[in-house]
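In: Below are the sequence and a predicted model; questions follow.
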Amino acid sequence: MDCVDCVFCQIVARSATAEMLYENETAIAILDTRPIHFGHALVIPKDHCRTFLDLPAGSMAGLMETTTRVCRALVSSLQLEGFNIFCNNGEVAGQSVFHFHWHITPRYTNDNIRFELKLKQYSDGQMARYAQRIREHIPSTE
């Protein structure tokens with residue numbers, strides 16, 4: 001997708017409207033138009049990047065600063081009991097707008113939101129094999 005066709009790039013460029021919560025040099029925070037709960041916010045990098053893996057070097061600090069500010073504001077303004085921060089990367093993971101973004105979702109006791117998981121258990125030695133396989137793909141810092 002070309003950045004011109006990206007709704008989040010349009011919001012960053014102010015050619016599409018959004019309910020802006022906060023902005024810094026790296027990111028913007030807006031209210032989600034289809035919230036899980038009212039106050040559901042999105043933190044969006046200003047640079048177009050399809051997924052978390054495409055984030056420009058050096059942008060994480062600004063994204064986290066924005067996320068922290070918005071989380072604190074949500075907790076205090078809406079008297080939240082908790083919140084989730086998550087991102088969907090790729091269509092199979094539920095990503096519908098292909099410009100990386102964090103979701104900040106307000107949570108309340110008995111809000112009927114459930115992440116229904118069927119947790120797996122590693123068999124003998126399987127965890128060590130997975131760990132080794134993953135470590136082999138982590139570049140050294142040298």
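Out: Arrived safely.
In: Please count neighbours and contacts with C-alpha atoms only from this point.
Out: Will do.
In: give me every residue that touches the residue nearest the centre of the chain.
Out: Nearest to the centroid of the C-alpha atoms of the chain, with distances taken as CA atoms, centre = their mean, sits W102, at 1.7 Å. Contact partners of W102, counting by CA atoms under 8 Å, 6 or more residues apart in numbering, are L42, V43, I44, T67, I85, F86, C87.
In: and what of Q95?
Out: Contacts of Q95 (CA under 8 Å, 6+ apart): C87, N88, N89.
In: Same check on N89?
Out: Taking CA under 8 Å, 6+ apart, we find N89 in contact with T51, F52, Q95, F100.
In: Just say helix, strand or coil for the residue of the chain most remote from its centre.
Out: Largest separation from the mean C-alpha position in the chain: D124, at 34.2 Å (CA atoms, centre = their mean). Three-state assignment for D124 (DSSP: H, G, I helix; E, B strand; the rest coil): coil.
In: Distance check, it against R133.
Out: 16 Å (CA to CA, to the nearest Å).
In: circling back to that earlier point, out of the contacts of W102, which one sits closest to V7?
Out: I44 (11.1 Å; CA to CA).
In: The residue nearest to the centre of the chain bridge partners, please.
Out: V43 (DSSP bridges).
In: got a pLDDT number for it?
Out: Note on W102: pLDDT of 96.
In: same deal with the one 3 residues further on?
Out: T105 carries a pLDDT score of 96 in this model.
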